[in-house]
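Colleague: Just to be clear, the model below is a prediction. Sequence and coordinates:
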Amino acid sequence: MADKDGASSRIQGKSVGIVGLGYVGLPLLLAFSNAGCKVVGIDIDPDKIDLLGRGESYLSHIPATSISRVLAEKTVLSANMAEIEKIDAVVITVPTPLTHDMTPDLSFVESTAKELGKHLQVGQLVSLESTTYPGTTREVLIPILESESGLAAGKDFHVAFSPERVDPGDPDHELTEIPKIVAGLNKESLRLAVDLYSLITPEVVPVSTLEVAEMAKLLENIYRTVNIALVNEMKMLADRMGLDIWEVIGAAATKPFGFQVFYPGPGLGGHCLPIDPFYLDWRAKTKYDFKTQFIELAGRINASMPDYVLQRTRMALEERGVELGCAKVLLVGMAYKPDISDTRESPGLKLMTVLEEAGAKVIYHDPLVPILPATRDYPLLAGRSSVDLESGIVGGQDVVIIVTDHSIIDYELLAAEASLVVDTRNAMRDVEGRVAEVVGA
């Protein structure tokens, strides 16, 4: 390996390791591969490595053709961290969930750092992309790497933080077109990180410290979380006032300045919005004795939305003489957002649970989620299968609840066969000649 002063030439050699091949790591692997880099993809899940090795994709928004295109002699896929000994830069993209008591769970970052530290080489750059609270890179990642490797950060190896900005399934914002925030432990770390990310994006945004970069990512997500909570609250009030919140939003959106559109829904899903704000909330409380009131309020409102949908459904059914505890319910869409297969923190999972706790008989349809995966919070839902809408099953349900508005759903069929639709996404607004009664929620 090159000595510590040879890091620049090693970055120029374009060899990059990606640790964690999920919704962030796999697109990064493809981006660096397409940029002509030698890429090593590391994941502890052997099924992922096996699927990628066969040229198959496990993410619905990434086609298999994209995988096959990069599986050349420059790409190595492995579950063995020792593979990183041969490359210039290592990018960590492992999950950062919450514990059951809403505190940060850095176990994936810590275990990755311990294993990575055993194989760390002089001159290498390590960049953390996992979303976390300000101070994680400096206070958690670096000490573990130094302890396991016996090397000194900023001297023997280099460290950066560059928050991920992936929006799965969004064709208008490709990873390689989104500006990349980058921070380094010192000037040399920052320079190398800028060089690294300049390989895949035309705009790199350097910031002064690791903590600024960590905070910037949280601010991005907290901004969205608070505004979604605001519009969710407005939706509940508009329902009480007999107003159409979607028409209200559409009218407000005509203002060309000072207003940005956010839409209500049955709750928040995905890794970012339901989780990331509470990393800052925890940090503020435990280290700075500061209460983040907006974050806490937004969290309560957004977390309450599945229960609100439940109550709206109960009321709509009772108007037809049907008790929720005896009702047959079809949930449409179980992914947390349209046109992807990701069910992480999906409000559909909570909605299915609270409906069944109320006594309802619940089935679901989601062609992108044919089988519900195992999750920490909803283990009893694992293994359930999506039903086929073409089987005539729609008409046999007391209510259909649209949870996620996939573009591939046959909404005309829902309108024609369902007697009652509770639409949490405004998906039925433009369905012509609909017969079903549609209730917003």
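Modeller: Nice, I can see it.
Colleague: domain parsing for the protein?
Modeller: 4-208, 304-440 (automatic domain parsing).
Colleague: Skipping adjacent residues, who's closest to residue 415 in space?
Modeller: Of all residues not flanking residue 415 in the chain, residue 434 sits nearest, at 3.4 Å (Cβ to Cβ, 6 or more residues apart in numbering). In this view, the C-beta of every residue, glycine as well, is placed from N, C-alpha and C.
Colleague: any idea how far the closest residue to residue 336 other than its chain neighbours lies from residue 97?
Modeller: Excluding the flanking residues, the one nearest residue 336 by Cβ to Cβ, 6+ apart is residue 269, at 2.4 Å. Noted for residue 269: a distance of 13 Å to residue 97, by Cβ to Cβ, to the nearest Å.
Colleague: ok, residue 167 - how many residues close by?
Modeller: Look at residue 167: counted by other Cβ atoms under 10 Å, it has 18 neighbours.
Colleague: mind listing the strands for the stretch 201-350 of the chain?
Modeller: 204-206, 328-332 (DSSP state E, counting those that start in this stretch).
Colleague: how about CSV for these, with mean pLDDT and distance to residue 265 added?
Modeller: Formatted as CSV, those follow (pLDDT from 0 to 100; distance: least, Cβ to Cβ, whole Å):
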stretch, mean pLDDT, distance to residue 265
strand 204-206, 97, 30
strand 328-332, 97, 13
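Colleague: Tell me, what's the model's pLDDT at residue 54?
Modeller: Here the pLDDT value assigned to residue 54 is 87.
Colleague: Contacts only, for the closest residue to residue 283 other than its chain neighbours.
Modeller: Distance criterion Cβ to Cβ, 6+ apart; nearest residue to residue 283, sequence neighbours excluded, is residue 133 at 4.0 Å. The neighbourhood of residue 133, defined by Cβ atoms under 8 Å, 6 or more residues apart in numbering, consists of 104, 214, 218, 279-280, 282-283.
Colleague: In which helix or strand does residue 76 reside?
Modeller: According to DSSP states H and E, residue 76 maps onto strand 75-78.
Colleague: Please compute how far that strand lies from its chain's middle.
Modeller: 24 Å (Cα atoms, centre = their mean, to the nearest Å).
Colleague: any idea which helix or strand comes after that strand?
Modeller: strand 89-92.
Colleague: Pull up the pairing partners for that next one, direction included.
Modeller: Take DSSP bridges as the rule and strand 89-92 pairs in its sheet with strand 15-19 (parallel), strand 125-128 (parallel).
Colleague: How far off centre is the next helix or strand after the shortest one?
Modeller: Looking back up the chat, that one is strand 125-128. Where DSSP H and E defines the elements, the next helix or strand beyond strand 125-128 is helix 136. Here helix 136 is found 20 Å from its chain centre; the criterion is Cα atoms, centre = their mean.
Colleague: List the contacts of helix 136.
Modeller: Taking Cβ under 8 Å, 6+ apart as the rule, helix 136 contacts 106, 109, 128, 214.
Colleague: Just give the closest residue to residue 175, not the sequence neighbours.
Modeller: Nearest non-adjacent residue to residue 175 (Cβ to Cβ, 6+ apart): residue 27, at 4.9 Å.
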